Every structure is written in structure tokens, then in C-alpha cells.
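Visitor: sequence and computational prediction follow.
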Amino acid sequence: MKLYDVKLLTITCEILAQKNVIDILKNHEITGYTSYEVDGNGEKGLRGQGIQAEKNVKVEVIMREEKLSAVIEDISRTLFPDFTIILYVSDVGVVRTEKF
């Protein structure tokens, strides 16, 4: 079985930024993603344990490399000033490239 190289963009952000992140993905014609609530401890202390507005989410997007830079640039330019967001990229292999 052959695996094809693509990128996994992982975005951890305040739940209040989730809609903005998804809107940016849609603007770049990316319709597939997975999101879920997460908790953890970091610079702003323990997150995800309290009220809904203080929760964090993780959004994972598998995409082709040619779209990656533009998406990261758009998120960092428009959302970094107003929200706590962590981005990281991983190399992953997929079987069905037509999905991405």
C-alpha cells in the first residue's frame, strides 16, 4: 500500500476563536477538519476546566503542502493579535489523496 505525503496542521485555540479559524479554512477552500475540546496548562494557566468561554479547542486539518503557508499566514495575521493560538505542522501519510 502506498502512502502519500501531506501535512497535518494542528491549531489549538480559545473556543472563541474557533469560528474564525473555520472561516479562514473555508476561505482557502478547505472543508474537511476535525475539532474537539481540550484542556491543558500553559502560559495562561489551567484552561478548559471552567466556563464555556474559557475552554480551548483543537482543530486538525490534513492538507496539501501548497495551501499550508497561505492558511498559516492568514491565521497568524488576523487572529494572533486577539486570541491565544498555537499552530504546529506535522508530516503525515494518507492512502486516499483525493480527500485532501
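Guide: Received it, and whenever you're ready, just let me know what you need.

Visitor: where along this protein do the helices fall?
Guide: Applying DSSP state H to the chain gives helices spanning 18-27, 65-79.

Visitor: for Glu54, find the nearest of the ones you listed.
Guide: Across those, the minimum distance to Glu54, taken as Cβ to Cβ, is reached by helix 18-27, at 13.2 Å. Bear in mind the C-beta positions are built from the backbone N, C-alpha and C, glycine included.

Visitor: and that closest one, what does it pack onto?
Guide: Judged by 3 or more Cβ pairs under 8 Å, 6 or more residues apart in numbering; DSSP states H and E, helix 18-27 is in contact with strand 56-63, helix 65-79.

Visitor: what's it in contact with?
Guide: The contact list for helix 18-27, computed with Cβ atoms under 8 Å, 6 or more residues apart in numbering, reads 11, 13, 31, 33, 35, 57, 59, 61, 71, 74-75, 78-79, 83, 85.
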